[in-house]
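**Q** Attaching a predicted model along with its sequence, questions to come.
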Amino acid sequence: MITLTSRARPVHWSLLLATALAVTLFLYFIDEGRYSLQGLLTWGNTIAMGVYLLGMMLGLFLVSRLFATRHPSPARTVLVLLLGTALGFLLGLLLMLGVGVLQLLG
């Protein structure tokens, strides 16, 4: 009798990184009602978007690891991207809030 076990196969890291970057740039695009990417490469904006990107990547990679043992399918990929983006957005906001609290304390 042969027993088949499936290995954990998370969503590929390049898709997660591209999604995190696209969502972060979209958040910058709609921020403050300017609807442009003008001023993206200033120091302050780069640091803020880096914090959001870090949170977004963390959320996407965490959800990808949680769903890694599920059968690979397009539905799983969409679910990972949606849940990971929502979790990443919350983590990015919490990281930004943490930076703000550290500024107040220091």
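**A** Arrived safely, thanks for sending.
**Q** wait, what's in contact with Gln103?
**A** By Cβ atoms under 8 Å, 6 or more residues apart in numbering, Gln103 lies in contact with nothing. To be clear about C-beta, it is placed using only N, CA and C from the backbone, and glycine gets the same treatment.
**Q** Distance of it relative to Leu54?
**A** Relative to Leu54, Gln103 is positioned 17 Å away (Cβ to Cβ, to the nearest Å).
**Q** Show me what the mean pLDDT comes to for the top helix by length along the chain.
**A** Secondary structure of the chain read by DSSP state H shows that its longest helix is helix 74-105. The average of the pLDDT scores along helix 74-105 is 92.
**Q** Next, the buried residues of stretch 53-69.
**A** Within stretch 53-69, the residues that count as buried by 16 or more other Cβ atoms under 10 Å are 53-61, 63-64, 67-68.
**Q** related to what we said a few turns ago, what distance separates the longest helix of the chain from the middle of the whole chain?
**A** The chain centre lies 6 Å from the centre of helix 74-105; the measure is Cα atoms, centre = their mean, to the nearest Å.
**Q** for the record, mean pLDDT for stretch 14-26?
**A** Per-residue pLDDT values over stretch 14-26 give a mean of 93.
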